[in-house]
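[1] just to be clear, the model below is a prediction. Sequence and coordinates:
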Amino acid sequence: MSEQSPAGDTREEYADALPEYAERVLEVAERIPPGRVMTYGDVAEWLEEGGPRQVGRVMSLYGGAVPWWRVVRADGVLLPGHELRALAHYRAEGTPLKEAARSAEGHLPRIDMRRARWDGGTGAVGHT
C-alpha cells in the first residue's frame with residue numbers, strides 16, 4: 001500500500017481509471033476470505049498472468065480500497081511500514097500467526113503460511 005492508494009474510496013468510484021490487470025488483481029484480493037491470505041505469486045498464478053512483482057505493484061498503487069493485508073509476502077513477514085495496521089486486521093480476523101522469536105527485530109509475529117494460505121478454492125473458506 002502506498003500514499004497513492006485511494007484508501008478512503010471504494011473501488012467502484014475509480015474503477016474506470018484502473019488498468020484491466022489491476023482490476024483483476026483487486027478482484028482476487030477481495031475474494032480472499034477473512035483470516036486467510038494469498039501471496040503475491042499466488043495471485044499472479046491464479047490470474048495466469050504477471051508475477052509477484054506486478055501484483056505487488058498493483059497492490060502498492062491501488063490496494064487501499066481492498067483488503068490489502070490478505071495479499072502477503074511468501075515468507076509471512078508483515079508488510080514493511082504497515083505492520084501494525086496489518087497485525088490489527090490479522091488479529092481481528094483470526095489469521096493464524098507465528099509468534100516472533102525474541103531475537104527478531106521488533107518482535108512482530110509472522111503469518112503462519114501453512115495454516116493461513118488460501119488456494120482460491122470455493123471449499124477453502126475458514127481455517128484448516
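    Everything's here; your move.

[2] helix or strand for residue 30, which one?
    Applying DSSP states H and E as the criterion places residue 30 in helix 20-31.

[3] list the contacts of the next helix or strand after that helix.
    The helix or strand immediately downstream of helix 20-31 is strand 38-39, counting by DSSP H and E. Residues outside strand 38-39 that contact it (Cβ atoms under 8 Å, 6 or more residues apart in numbering) are 28-29, 32, 46, 52, 70-74, 113, 117-118, 120. Just so you know, the C-beta spots here come from the backbone N, C-alpha and C atoms, and that holds for glycine as well.

[4] the very next helix or strand once past strand 38-39 vs helix 20-31, what angle?
    The helix or strand immediately downstream of strand 38-39 is helix 40-47, counting by DSSP H and E. Here helix 40-47 runs at an angle of 110 degrees relative to helix 20-31 (axes from the mean of the first three to the mean of the last three Cα atoms, to 10 degrees).

[5] just to revisit the earlier point, buried ones among the contacts of strand 38-39?
    Neighbour-count burial (16 or more other Cβ atoms under 10 Å) is assigned, among those, to 28, 29, 32, 46, 52, 70, 71, 72, 73, 113, 117, 118.
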